[in-house]
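Colleague: Got a sequence here, can you model it:
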Amino acid sequence: MSLNLPIGLRANWVLLVPILFLLVIGFVMLLSTSSVVGYANFQDSYFFIKKHILFLCIGFFAFLLGFFLPNRVYKDRVILLYCVACVLLVLTLVPGFGVKLGGAQRWLSLGPFRFQPVECIKFAIVVVLATALENKKDKVKQFFKGFSPILVLLGIPMAILAMQPDLGNIGLILLVSFSLFFLSAVPPRFLIGLASIGLSFVAINLFIHPYQMSRITSFLNPWSDPLGKNYHIIQSLTAVGSGGLTGLGIGESKLKYFYLPLQYSDFIFSIICEEGGLFLGVGVVFLFGMFLYQGFKVAKESLHLYGYYLAMGLLLFIVFQAIINISVVIGLMPVTGIPLTFISFGGTSLVTSLFYIGVILNVSRETHLKEHEFIVQRKRE
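Modeller: Coordinates of the predicted model:
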């Protein structure tokens, strides 16, 4: 769908429909879930919603940047982009820069600002993979000439993430990378090797950080410690079950009153199901499915491989992140610390996700521009 717009603004704008609905749901649910925590900690019921509005404004400009900045800019500066993202990731481990929260050092503090550099490395990895899979489309089937250099570039940031530690995002990056390799027809034996490397990172991470292993054991037997390590997931399941089909009503959650931790961020989907019931929960899943479908159309219509892999990589990061978050909330996965895209409170995730949407739509915009140029050229001939 391009609408009746100037050629430079034509894109698959239907992609924005599910995103706008998700943002509205996120705003309403944050208003409901964060007011209690905001008043208790800052004597301001609207503390988090004010920050969320600020992040939305910044995210809007990030979206415009992603939409109008030519996608070749990232490709031309892929090494610089990758190096800067890795440096930012390393800084999280440096005293004075890195901030430790919840047993993990994933945040970077620069003056009054605090953000997670892992969002930067996700984008850098997608650009690296998109560039490599286009430039080495024939060599990628050769392990030493094409595939192994890409593995090295993937391994460096994952090693840094393992030191934070951030097992959830390691898994997310591996999942997206594996998917892009699969789409590029990389030989199955190489994918098995990638999976083995990923499992090695996970095993080492669990060995070095015992609390990560405790999350796995808690997941396997959630009722073993209902008031301790398993408290989060049990309260989450209680909230999901309490909503029934139609929910208790927006703003009527009982679990948000300090029974369910992180009710405005990692476990906001629990409150969505409690207040909106199964209908609203399924509605959120449907919106992500609609976004996946429209995003896949954008990628498939791209006239060059770089645009295809760029759009697919960013699309999969957003969708897989949502799948992981919802899976944790309903007890299908151990706790990962990954938020629900567009809905959970979190400035870094919201701003970068809106930037990703801008870049994906830019792939669509550039496709329309190329098609228009081709038609004009044919008419001249």
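
Colleague: Against which helices or strands is the host helix or strand of residue 21 packed?
Modeller: Using DSSP states H and E, the element containing residue 21 is helix 16-42. Secondary-structure packing of helix 16-42 (3 or more C-beta pairs under 8 Å, 6 or more residues apart in numbering; DSSP states H and E): helix 47-68, helix 268-301, helix 347-380. Heads up, the C-betas are built off the backbone N, CA and C, glycines and all.

Colleague: Return the most buried member of these.
Modeller: By mean neighbour count, with neighbours taken as mean count of other C-beta atoms under 10 Å, helix 268-301 ranks first of these at a mean of 20.

Colleague: so how far is it from its chain's centroid?
Modeller: 14 Å (C-alpha atoms, centre = their mean, to the nearest Å).

Colleague: If you count contacts, what does the next helix or strand after that helix end up packed against?
Modeller: Using DSSP H and E, the helix or strand that follows helix 268-301 in sequence is helix 305-329. If you count contacts as 3+ C-beta pairs under 8 Å, 6+ apart, helix 305-329 packs onto helix 72-76, helix 118-135, helix 167-183, helix 231-242, helix 268-301, helix 347-380.

Colleague: In this structure, which strand is the longest?
Modeller: strand 104-110 (DSSP state E).

Colleague: CA-only coordinates of that one in PDB, if you can.
Modeller: Listed next in PDB are the C-alpha coordinates belonging to strand 104-110 (Å, rounded to 0.1, in the frame of the first residue of the first chain):
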ATOM      1  CA  ALA A 104      24.000  -8.000  35.400                       C
ATOM      2  CA  GLN A 105      26.100  -5.100  34.100                       C
ATOM      3  CA  ARG A 106      24.100  -4.300  30.900                       C
ATOM      4  CA  TRP A 107      23.600  -0.500  31.200                       C
ATOM      5  CA  LEU A 108      25.800   2.300  30.200                       C
ATOM      6  CA  SER A 109      25.700   5.600  32.000                       C
ATOM      7  CA  LEU A 110      26.600   8.800  30.200                       C
END
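
Colleague: Show me what that strand is packed up against.
Modeller: Against strand 104-110 (3+ C-beta pairs under 8 Å, 6+ apart) you get strand 98-101, strand 113-115.

Colleague: Let me have those in a markdown table, adding distance to residue 222 and mean neighbour count as columns.
Modeller: Output for those, formatted as a markdown table (distance: least, C-beta to C-beta, whole Å; neighbours: other C-beta atoms under 10 Å):
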| stretch | distance to residue 222 | mean neighbour count |
| --- | --- | --- |
| strand 98-101 | 24 | 14 |
| strand 113-115 | 32 | 14 |
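
Colleague: Out of those strands, flag the one nearest residue 17.
Modeller: Residue 17 lies closest to strand 113-115 among these, at 28.4 Å (C-beta to C-beta).

Colleague: That closest one packs against which elements?
Modeller: Using 3+ C-beta pairs under 8 Å, 6+ apart, strand 113-115 is in contact with strand 104-110.

Colleague: Centre of the chain to the helix holding residue 21, how far?
Modeller: With C-alpha atoms, centre = their mean, you get 18 Å for helix 16-42.

Colleague: quick one: average pLDDT of that helix?
Modeller: Mean per-residue pLDDT for helix 16-42: 95.

Colleague: Quick check: buried residues in it?
Modeller: 16, 18-19, 21-23, 25-38 (16 or more other C-beta atoms under 10 Å).

Colleague: picking that back up, reformat the helices and strands packed on helix 305-329 as JSON lines; add mean pLDDT.
Modeller: Listed next are these as JSON lines, based on pLDDT from 0 to 100:
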{"stretch": "helix 72-76", "mean pLDDT": "95"}
{"stretch": "helix 118-135", "mean pLDDT": "94"}
{"stretch": "helix 167-183", "mean pLDDT": "91"}
{"stretch": "helix 231-242", "mean pLDDT": "90"}
{"stretch": "helix 268-301", "mean pLDDT": "97"}
{"stretch": "helix 347-380", "mean pLDDT": "87"}
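
Colleague: what does stretch 73-90 rub up against?
Modeller: Contacts with stretch 73-90, where a contact means C-beta atoms under 8 Å, 6 or more residues apart in numbering, come from 108, 117-118, 120-121, 123-125, 127-128, 130-131, 153, 156-157, 160-161, 306, 310.

Colleague: Which members of the residues you listed are classed as buried?
Modeller: 108, 117-118, 120-121, 123-125, 127-128, 130-131, 153, 157, 160-161, 306, 310.

Colleague: Noted, bye for now.
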